[in-house]
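K.L.:
the following comprises the amino acid sequence and a computationally predicted model.
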Amino acid sequence: MAGKRVTLSDIAKRDGSHVTTVSLAMRNSPKLPEATKKRIQKLAKEMGYVPDPALGALASYRRRAKETRSKETLAYVTNWTSRWGWKDDRSHAQFYEGATEAADAIGYQLEHFWLSEPGMTHSRFSKILFTRGIRGIIIASHSREHEAPLELDWKGFSCIKIDFFPHKPQLPNVSNDQCGSVRLAFQKALESGAKRIGLVMHRGWDMSVDRMWTAGFLVEQYLVEEKDRLPVCYFPAAEPREVWENETEVEVKIDTARFKEWYEKWKPEVIIGNRVFIADAMKELGLEAPRDFGLIDLFLYEKNGKDAGIVQNHRFVGATAINMLASRLMRNDLGLPTYGRTSFVEADWTDGESLPTK
């Protein structure tokens, strides 16, 4: 026969404290001193205490039912070069749309904060959130220029990050599956009958996702015959480290002469990239897809029948971030995690006229 389940009352009796104190300690509440929480948590472990998920969910529901009717606010924190500049990037705008919809669906409201407000410091920002009772934070839309570590008062907050910047501190994050997307694109190119498959990529886009675009392409390219392995056509030609370090945005523009040189030398049968990015060069050189080569667009936002490529589910990325954050808040999981964790959201493939089958 199984032994009696250890309860919070059992732990309170052994510790000589009130059951409410034990409950707060087990929920890692900031209302208790760290020493008290650690002592009680250690005792609970020694006694073999295992939380009951059903009771935990019920208790969480009761606590929320007693709270004010107004929705709890979550902070959506950006650090672009301007307050709303990230909205000009359609993917980042959709992150926010998905997060807003998901937050509303589960009883939260999302409020935007810009970390580069005049006079704003990380310490001041922490105090603003704490004073307003905001515990949950989504770190989103941080441009490459803002790579300095975030130094918030983490012990009072739960946080989820969208995408990769800034890299420090280590936070749970969610992103599109760029590596998987470009691998899928390469596989679809092979299925079409093509052998010589090239990637045209802006270095800034690649750097913003920790070079996952390049990583996925090289993995797939390794599996084809060496004679069919084309070098990536990057723009700019060399990585301008001094530009990244000086915090200046690189213009997203293709070099037609360089594209022509690469195209004529390597003669790709399929190009993986972005139609908008290479459109000017194609027009100037008199090239058309699929007449001259198959074209797979990595940055589609909807299926249009014309373009074959990848539809990235940006709204679902935002929604996933909210659901991950809500889960942490329900467990009162505050502070920095011991280990980082990254969740990737898969993209959808769509057929189109730009990639005919041979």
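P.N.:
Cool, got the structure.
K.L.:
for the stretch 201-350 of the chain, just list every one of the strands.
P.N.:
Using DSSP state E, counting those that start in this stretch, the strands of the stretch 201-350 of the chain run over 233-235, 270-273, 294-300, 308-311, 342-345, 348-350.
K.L.:
what do you get for the stretch 1-150 of the chain?
P.N.:
Counting by DSSP E, counting those that start in this stretch, the strands of the stretch 1-150 of the chain are 72-79, 108-114, 136-142.
K.L.:
just these: most buried one?
P.N.:
strand 136-142 (a mean of 25; mean count of other CB atoms under 10 Å). Placement of C-beta: from N, CA and C, glycine included.
K.L.:
and the angle from that one to strand 108-114?
P.N.:
For strand 136-142 against strand 108-114, the angle by axes from the mean of the first three to the mean of the last three CA atoms, to 10 degrees is 40 degrees.
K.L.:
burial measure for residue 186, as a count.
P.N.:
24 (other CB atoms under 10 Å).
K.L.:
burial measure for the residue nearest to residue 351 when sequence neighbours are not counted, as a count.
P.N.:
Nearest residue to residue 351, sequence neighbours excluded (CB to CB, 6 or more residues apart in numbering): residue 308, at 5.6 Å. Residues within reach of residue 308, counting by other CB under 10 Å, total 26.
K.L.:
okay, and the beta partners of residue 308?
P.N.:
residue 296 (DSSP bridges).
K.L.:
quick one: residues contacting it.
P.N.:
Counting by CB atoms under 8 Å, 6 or more residues apart in numbering, residue 308 touches 188, 294, 295, 296, 297, 350, 351, 352, 353, 354, 355.
K.L.:
returning to that earlier point: between the strands of the stretch 1-150 of the chain, which one is closest to residue 202.
P.N.:
Ranking those by proximity to residue 202 (CB to CB) places strand 136-142 first, at 18.0 Å.
K.L.:
what residues does that closest one touch?
P.N.:
Here strand 136-142 has contacts from 72, 74-80, 86, 89, 92, 95-96, 99, 108, 110, 129, 150, 152, 157-163, 165-166, 171, 318, 321-322, 325-326, 328-329, using CB under 8 Å, 6+ apart.
K.L.:
sorry, back to before: among the strands of the stretch 201-350 of the chain, which comes closest to residue 221?
P.N.:
Using CB to CB, the strands of the stretch 201-350 of the chain put strand 270-273 closest to residue 221, at 10.5 Å.
K.L.:
which neighbours does that closest one have in its sheet, and in what orientation?
P.N.:
For strand 270-273, pairing defined by DSSP bridges yields strand 197-202 (parallel), strand 294-300 (parallel).
K.L.:
run through this protein and note the low-pLDDT ranges.
P.N.:
For the chain, applying pLDDT under 70 flags the ranges 1-3, 53-70, 240-252, 358.
K.L.:
is it true that residue 315 touches residue 98?
P.N.:
Yes - contact criterion CB atoms under 8 Å: residue 315 and residue 98 qualify, at 3.2 Å.
K.L.:
contacts for stretch 296-304?
P.N.:
Here stretch 296-304 has contacts from 90-91, 94, 181-182, 185, 188-189, 213, 270-276, 307-312, 350, 352, 354-355, using CB under 8 Å, 6+ apart.
K.L.:
please spell out which residues along that stretch are buried.
P.N.:
By neighbour count on 16 or more other CB atoms under 10 Å, the buried set for stretch 296-304 is 296, 297, 298, 299, 300.
K.L.:
could you find the closest non-adjacent residue to the second one?
P.N.:
With CB to CB, 6+ apart as the criterion, residue 297 has its nearest non-adjacent residue at 3.5 Å, and that residue is residue 309.
K.L.:
distance-wise, check the one you found relative to residue 186.
P.N.:
From residue 309 across to residue 186, the span is 12 Å (CB to CB, to the nearest Å).
K.L.:
same question, residue 255
P.N.:
24 Å.
K.L.:
next: residue 21.
P.N.:
Separation of residue 21 from residue 186 (CB to CB): 58 Å.
K.L.:
go on, residue 321?
P.N.:
To residue 186, residue 321 is 28 Å away according to CB to CB.
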